[in-house]
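Asker: Attaching a predicted model along with its sequence, questions to come.
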Amino acid sequence: MYIENKSEGLEGDARIGRVYFSKTGRTLYYKGRKFQSLKGNGFKSNYFDVESGDEFWISGPRKDKSDRLYGGNLNVEIDSDVLGEYKEYIK
């Protein structure tokens, strides 16, 4: 999934990594962080970190690598455990 921190503006730290869903699908987990949906109430964000309250945009990665809101993939880190799958996906 594409995960971008929106707590400090329209473009923040971004990465592509493996996200896990709770049994109900209402909560996402990524590297020890717990995210819940903003249910359409976020500004350019769709999830928030339960512990910090920071807002994030979380979505599937795009095949054209234009994951950022205003296009492009500049400074988007890709976690090593998904790098192979990601390269296959964008072919």
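Answerer: Received it, and whenever you're ready, just let me know what you need.

Asker: list the contacts for residue 89?
Answerer: By C-beta atoms under 8 Å, 6 or more residues apart in numbering, residue 89 lies in contact with 61, 63. C-beta: built from backbone N, CA, C; applies to glycine.

Asker: My understanding was that residue 81 contacts residue 15; is that so?
Answerer: No: applying C-beta atoms under 8 Å, one finds residue 81 not in contact with residue 15, separated by 11.6 Å.

Asker: Which parts of the protein are helices?
Answerer: Using DSSP state H, the helices assigned to the chain run over residues 83-89.

Asker: Give me the more crowded residue out of residue 81 and residue 15.
Answerer: Neighbour count, other C-beta atoms under 10 Å: between residue 81 and residue 15, residue 15 has more, with 18 against 9.

Asker: Find the nearest non-adjacent residue to that one, please.
Answerer: residue 77 (4.4 Å; C-beta to C-beta, 6 or more residues apart in numbering).

Asker: How many residues are close by residue 3?
Answerer: 26.

Asker: wait, isn't it in contact with residue 29?
Answerer: No: contact between residue 3 and residue 29 fails when scored by C-beta under 8 Å: they sit 11.4 Å apart.

Asker: list residues touching both of the two?
Answerer: Here residue 3 and residue 29 share the contacting residues residue 19, scored by C-beta under 8 Å, 6+ apart.

Asker: mind listing what the closest residue to residue 50 other than its chain neighbours touches?
Answerer: When the adjacent residues along the chain are set aside, residue 50 lies closest to residue 34, with 4.4 Å between them (C-beta to C-beta, 6+ apart). Contacts for residue 34 (C-beta under 8 Å, 6+ apart) come out as 27, 28, 49, 50, 51.

Asker: Look up how far residue 17 lies from residue 34.
Answerer: Note on residue 34: its distance to residue 17, by C-beta to C-beta, to the nearest Å, is 15 Å.

Asker: if we can go back for a sec, so which of the contacts of residue 34 is the most crowded?
Answerer: Top of the contacts of residue 34 by neighbour count (other C-beta under 10 Å): residue 28, with 19 neighbours.
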